[in-house]
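[1] sequence unknown, structure follows:
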């Protein structure tokens, strides 16, 4: 038994399959909605100053803030891990990670740090002698 998918057309008549006629506009709509609703990634250069030696993750990865707790009143609390997580969300531009605070900072991550996925500059000293 053969079941026709599309209705028969008259000889010489132009016929656009109904399924295709509906699918193209719907696909366009889904793409447009996806672009509007998709979580955004930072789109410009970003500079993050690490001011904590602890190893916490960023509170809201991808929001461009680099803060471990998202509490505005206590300022931006930035760890190296949180800075790397935010920097990896850049789609264009370049991230810059530097180390603030007074004196030497010793950072001892409890697990491997995130892989560097985007262009970034990390500026600091690796020992107390000022060696790069």
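    That came through fine. Keep in mind that what you see is a predicted model, and the values were worked out from it rather than measured.

[2] going forward, measure contacts between C-alpha atoms and count neighbours the same way
    Noted.

[3] which residues touch stretch 85-102?
    With contact meaning CA atoms under 8 Å, 6 or more residues apart in numbering, stretch 85-102 is reached by 41-51, 57-58, 61-66, 83-84, 105, 114, 116-124.

[4] hey, where'd the helices end up in this structure?
    In the chain, the helices defined using DSSP state H lie at 18-37, 80-87.

[5] which stretch in those is the model least sure about?
    Among the helices of the chain, helix 18-37 has the lowest mean pLDDT, at a mean of 44.

[6] Out of the contacts of stretch 85-102, which sit inside strands?
    Here DSSP state E is the test, and these give 46, 47, 48, 49, 50, 120, 121, 122, 123 as lying in strands.

[7] Which of the residues you listed sits closest to residue 110?
    Using CA to CA, residue 50 is the member of the ones in strands among the contacts of stretch 85-102 that lies nearest residue 110, at 16.7 Å.

[8] one step back: how about CSV for the ones in strands among the contacts of stretch 85-102, with distance to residue 97 added?
    Below are those laid out as CSV (distance: CA to CA, whole Å):
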residue, distance to residue 97
46, 9
47, 6
48, 5
49, 6
50, 7
120, 7
121, 6
122, 5
123, 6
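
[9] Please report which of those has the highest neighbour count.
    Neighbour counts for those (other CA atoms under 10 Å) peak at residue 48, which has 25 neighbours.

[10] The nearest residue to that residue once chain neighbours are set aside: how many residues sit nearby?
    Of all residues beyond its chain neighbours, the one nearest residue 48 is residue 97 (4.9 Å), with distances taken as CA to CA, 6 or more residues apart in numbering. Residue neighbour count, defined by other CA under 10 Å, stands at 19 for residue 97.
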